[in-house]
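In: sequence first, then the predicted structure:
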Amino acid sequence: MSHRRFAIGLAVIIGVTLLPAVVTAQSPESSSPPRLPWGAPDLQGIWDFRTITPLQRPEDQEEEFLSVEEVASLEQAAVDRALELWEANARPTEAGGNVGGYNNFWMDQGTKPIDTRRTSLIVDPPNGRFPELSTEGQQRADARRAYLEEHPADSYLDRNTSDRCIVGFNAGPPITPLAYNQNMQFFQTPEYVVVYTEMVHTPRIVPLDGRPMIDEDIRLWTGDSRGYWEGDTLVIETGNFNAERRWIPLGSGGGGAGASENMTLVERFTRLDDDTLEYTFTVSDPETWSRPWTSSQPMRRTDSPLYEYACHEGNYSMEGILGGTRADEAKAAQGSN
């Protein structure tokens with residue numbers, strides 16, 4: 001993976017121009033967000049969704065909220081851990097061994113929990129944990145796990161969409177904090193919004209004009225999205241996901257099968273103040289989970305630029321994975337003769 005500074009605005013590429021808001025700041029007494037010339041709330045800008053709050057509440061965590069003291073302890077532990085890894089000596093690898101993943105240089109997970117001090121981003125179910133897999137979901141997970149044990153890399157098609165640089169593992173939809181490149185940018189016109197994620201530089205161009213969804217036979221990696229306003233909240237509904245996407249939120253127990261192609265997603269974006277964008281999403285997929293579930297977190301405005309996520313350009317891992325698997329197969333065949 002490599003990162004290069006954004007030199008050309010995405011607006012030039014997709015024909016969307018950032019427009020100034022009529023109101024540039026909210027007074028403390030006002031609950032109305034800044035607005036664009038046509039009256040819509042101004043959600044434009046770059047938003048940072050890093051947090052050390054987990055998507056799912058840890059099994060050993062009984063409380064719904066952290067105390068102020070617990071937050072301070074977690075923040076200090078995150079800082080100490082980052083410094084420890086930064087100062088640690090490099091570990092040599094051996095030929096034929098596991099070279100591991102990225103070192104801490106690439107990680108940017110943040111050092112702070114969400115402002116509400118909630119112990120999970122999941123707010124429903126109330127226990128802050130993923131629902132159990134449905135019967136069909138468990139069967140698909142078991143079947144996928146068994147297949148991958150025997151066929152980890154017959155071809156690139158056996159690898160997930162992140163390995164293949166198709167869809168970022170935190171970029172969604174839905175957007176879920178994880179690891180690095182945890183920024184997204186909003187562009188708006190009266191007829192469209194664009195949700196542009198830093199990871200795998202994926203723009204979702206969302207119509208707001210009430211047009212119907214595309215034919216259900218057309219399946220897209222990031223689904224087909226339609227948006228509308230509920231008061232000052234932007235609602236985006238997405239369906240028509242590609243069956244091969246297999247979105248697996250961390251810790252969900254998907255076992256490699258992930259969400260089904262019939263998953264539906266409802267996202268809500270609400271500008272709470274100048275620096276805070278509340279992001280809530282609900283996943284409904286009875287073919288995978290026993291009930292819908294909902295996550296909510298604040299995103300923070302940042303003055304940092306988006307960086308190009310040059311995934312394909314530096315993706316030597318795919319060649320290494322496939323080549324290593326072929327070498328293992330040849331070694332096994334030689335040993336059996």
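Out: Done, it's in.

In: so the residue lying closest to residue 43 once chain neighbours are set aside is in which element?
Out: Leaving aside its chain neighbours, residue 43 sits nearest to residue 186 (4.5 Å; criterion: Cβ to Cβ, 6 or more residues apart in numbering). (Each C-beta comes from the backbone N, C-alpha and C, glycine too.) Taking DSSP states H and E as the definition, one finds residue 186 inside strand 183-188.

In: avg pLDDT for stretch 329-337?
Out: Averaging pLDDT along stretch 329-337 yields 83.

In: ditto for stretch 268-276
Out: Mean predicted confidence for stretch 268-276 is 96.

In: centre of the chain to that stretch, how far?
Out: Chain-centre distance of stretch 268-276: 19 Å, with Cα atoms, centre = their mean, to the nearest Å.

In: how about stretch 108-126?
Out: 15 Å.

In: buried residues, it. List them.
Out: 109-111, 113-114, 117-123, 125 (16 or more other Cβ atoms under 10 Å).

In: residue contacts, residue 108?
Out: Applying Cβ atoms under 8 Å, 6 or more residues apart in numbering, we find residue 108 in contact with 50, 179-182.

In: and it, which of the three is it?
Out: coil (DSSP: H, G, I helix; E, B strand; the rest coil).

In: and it, what's its pLDDT?
Out: pLDDT, residue 108: 87.

In: how close does it sit to residue 77?
Out: 17 Å (Cβ to Cβ, to the nearest Å).

In: so where do the helices sit in this protein?
Out: 10-14, 68-87, 135-150, 316-336 (DSSP state H).

In: closest one to residue 230 among those helices?
Out: Smallest distance to residue 230 across these (Cβ to Cβ): 25.4 Å, for helix 10-14.

In: partners of residue 233 in the sheet?
Out: Residues in a beta bridge with residue 233, per DSSP bridges, are residue 230, residue 270.

In: thought residue 206 was touching residue 235?
Out: No: under the criterion of Cβ atoms under 8 Å, residue 206 makes no contact with residue 235, lying 10.2 Å away.

In: give me the common contacts of those two.
Out: residue 227.

In: the two - which one has more neighbours?
Out: Using other Cβ atoms under 10 Å, the more surrounded residue of residue 206 and residue 235 is residue 206, with 20 against 16.

In: which ones are touching that one?
Out: Contacts were defined as Cβ under 8 Å, 6+ apart; by that measure residue 206 touches 192-195, 225-227, 236.

In: any stretches of the stretch 51-200 of the chain with poor pLDDT?
Out: For the stretch 51-200 of the chain, applying pLDDT under 70 flags the ranges 96-97, 99.

In: what sits against the residue nearest to residue 106 when sequence neighbours are not counted?
Out: In space, and not counting its chain neighbours, residue 106 is closest to residue 180: 5.7 Å by Cβ to Cβ, 6+ apart. Applying Cβ under 8 Å, 6+ apart to residue 180 gives the contacts 102, 106-109, 199.

In: list just the nearest of these to residue 270.
Out: Using Cβ to Cβ, those come closest to residue 270 at residue 199, 23.0 Å.

In: so that closest one touches residue 171, yeah?
Out: Yes: between residue 199 and residue 171 there is a contact at 4.3 Å, judged by Cβ under 8 Å.

In: name the stretch among the helices of the chain that sits most buried.
Out: The highest mean neighbour count among these, using mean count of other Cβ atoms under 10 Å, belongs to helix 135-150: a mean of 15.

In: and that helix, how far from the chain's centre?
Out: On Cα atoms, centre = their mean, the centre of helix 135-150 falls 23 Å from that of its chain.

In: and for stretch 146-161?
Out: On Cα atoms, centre = their mean, the centre of stretch 146-161 falls 22 Å from that of its chain.

In: got a list of contacts for it?
Out: Against stretch 146-161 from outside (Cβ under 8 Å, 6+ apart): 163-164, 167, 221, 244-246, 248, 256, 318, 321-322, 324-325.

In: rewinding a little: which residues touch the residue nearest to residue 43?
Out: 43-45, 47, 193-196, 269.

In: of those residues, which is the most crowded?
Out: Of those, with other Cβ under 10 Å as the count, residue 195 tops at 26 neighbours.

In: pretty sure it is touching residue 188, no?
Out: No: at 10.3 Å, residue 195 does not count as touching residue 188 under the criterion of Cβ under 8 Å.

In: what do the two both touch?
Out: Common neighbours of residue 195 and residue 188 (Cβ under 8 Å, 6+ apart) do not exist.

In: residue 85 and residue 109 touch, don't they?
Out: No: at 11.1 Å, residue 85 and residue 109 do not qualify as touching, with contact defined as Cβ under 8 Å.

In: would you check that residue 207 makes contact with residue 190?
Out: No: with contact defined as Cβ under 8 Å, residue 207 does not reach residue 190; the gap is 11.1 Å.

In: mutual contacts of the two, please.
Out: Contacts common to residue 207 and residue 190, judged by Cβ under 8 Å, 6+ apart, are absent.

In: okay, the helices of the chain in JSON lines with distance to residue 214 next?
Out: Output for the helices of the chain, formatted as JSON lines (distance: least, Cβ to Cβ, whole Å):
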{"stretch": "helix 10-14", "distance to residue 214": "19"}
{"stretch": "helix 68-87", "distance to residue 214": "43"}
{"stretch": "helix 135-150", "distance to residue 214": "25"}
{"stretch": "helix 316-336", "distance to residue 214": "30"}
